[in-house]
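Q: Can you look at this prediction? I've put the sequence above it.
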Amino acid sequence: PILASIAGVGTVLSNPTRTLDVALSGTRNVLEAARRAGGCRRVVTFSTSEVYGRYAMNASESEVTPIGPVGEPRWSYAVAKVATEHLAHAYFTEFGLPTASLRPFNVYGPGQVGEGAIHNFVRDILAGRAITVNNDGRQIRAWCYLDDMVDGTLLALEQDAAIGQAFNIGNPAATITVLRLAELLARLAGVSVDIAFRRRDYPDVEVRVPNIDKARDLLGFEPKVRLETGLATTPTGTPHDSAV
């Protein structure tokens, strides 16, 4: 699988050129190496749910992937990832390389680093400070636990039906507003913390919820980890006892 990329809104905003270069050059290098080697059974590239733009409710793979305006660095990551999907599919159609692309939706879990709402909120809670929520916290996200993401990746590697396709990998059942997520994490941690709101002027994604029917039908993918179960294990990294 091709996973390496520049990620995190803050990092992308500061490094739009590097964001584009790493995604495009890295993906092209791996695809070309696989083509030249011959006999490759599968190349899975990782795209992003950002390809659906600011409003993605029940978003399916057949929908148009809107591109943000040129000059807004926020969309450099999404533009690069759409291009890598086209590149992977081109290698499939032109050279017969067995490729597939995955669009992860807000993956979280133990060991997460970098940026991300759950990672940042947990860090705030453990430090005993107010949880910082961007803007009004009414943004909607569907969260996918790491175990489910791994399952989706393995299915894309193993199932022949994945070849030449792109798939949403996420958990629509784990949909919640960002503000409610912060409150839920505090409750699960058994602490009382304040919520601090921070204004962000860059474009934000207001709704991001996947339709995973295609992954269900072609791959047999089904997310198993409930949001509260996954969140309860995330701060400590303790394996969850139940996947239901």
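A: Perfect, I can see it now. Numbers count the residues shown, from 1 in each chain.

Q: contact partners of the lengthiest helix in the chain?
A: In the chain, taking DSSP state H as the definition, the longest helix is helix 16-37. Taking Cβ atoms under 8 Å, 6 or more residues apart in numbering as the criterion, the residues outside helix 16-37 that touch it are 2, 4-6, 11-12, 40, 43, 45, 73, 76-77, 79-81, 83-84, 87-88, 91, 95, 97, 99. Every C-beta, even on glycine, is put in place using the N, C-alpha and C of the backbone.

Q: Give me the buried subset of the residues you listed.
A: The neighbour-count criterion (16 or more other Cβ atoms under 10 Å) marks 2, 5-6, 12, 43, 45, 73, 76-77, 79-81, 83-84, 87-88, 91, 97, 99 among the contacts of helix 16-37 as buried.

Q: Counting only helices, which of the residues you listed make the cut?
A: Those of the buried ones among the contacts of helix 16-37 lying in helices (DSSP H): 12, 76-77, 79-81, 83-84, 87-88, 91.

Q: In a markdown table, list those along with distance to residue 29 and pLDDT.
A: Conversion of those to a markdown table gives the following (distance: Cβ to Cβ, whole Å; pLDDT from 0 to 100):
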| residue | distance to residue 29 | pLDDT |
| --- | --- | --- |
| 12 | 21 | 86 |
| 76 | 19 | 89 |
| 77 | 19 | 90 |
| 79 | 19 | 92 |
| 80 | 14 | 93 |
| 81 | 16 | 93 |
| 83 | 14 | 95 |
| 84 | 11 | 96 |
| 87 | 11 | 97 |
| 88 | 13 | 97 |
| 91 | 12 | 98 |
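
Q: ok, of these, which one's closest to residue 198?
A: residue 12 (17.9 Å; Cβ to Cβ).

Q: And that closest one, how far from residue 65?
A: 17 Å (Cβ to Cβ, to the nearest Å).

Q: where in the protein is pLDDT low?
A: 1-2, 235-244 (pLDDT under 70).

Q: Now do the strands in it.
A: 43-46, 55-59, 99-104, 107-108, 131-134, 140-142, 144-145, 166-169, 175-177, 195-198, 207-210 (DSSP state E).

Q: what does the fifth one contact?
A: Going back to what we said before, that points to strand 131-134. 120-121, 124-125, 178-179, 182, 185-186, 193-200, 204.

Q: Show me just the buried residues among the residues you listed.
A: 120-121, 124-125, 178-179, 182, 185-186, 193.

Q: Among these, which ones are in helices?
A: 120-121, 124-125, 178-179, 182, 185-186.

Q: Out of these, which comes closest to residue 167?
A: When these are compared against residue 167 (criterion: Cβ to Cβ), the nearest one is residue 178, at 25.2 Å.

Q: and that closest one, what does it touch?
A: Here residue 178 is in contact with 117, 133-134, 137-141 (Cβ under 8 Å, 6+ apart).

Q: quick one on the thing from earlier: flag every buried residue along the longest helix of the chain.
A: Buried, per 16+ other Cβ under 10 Å, within helix 16-37: 16, 19-20, 22-24, 26-27, 30-31, 34.
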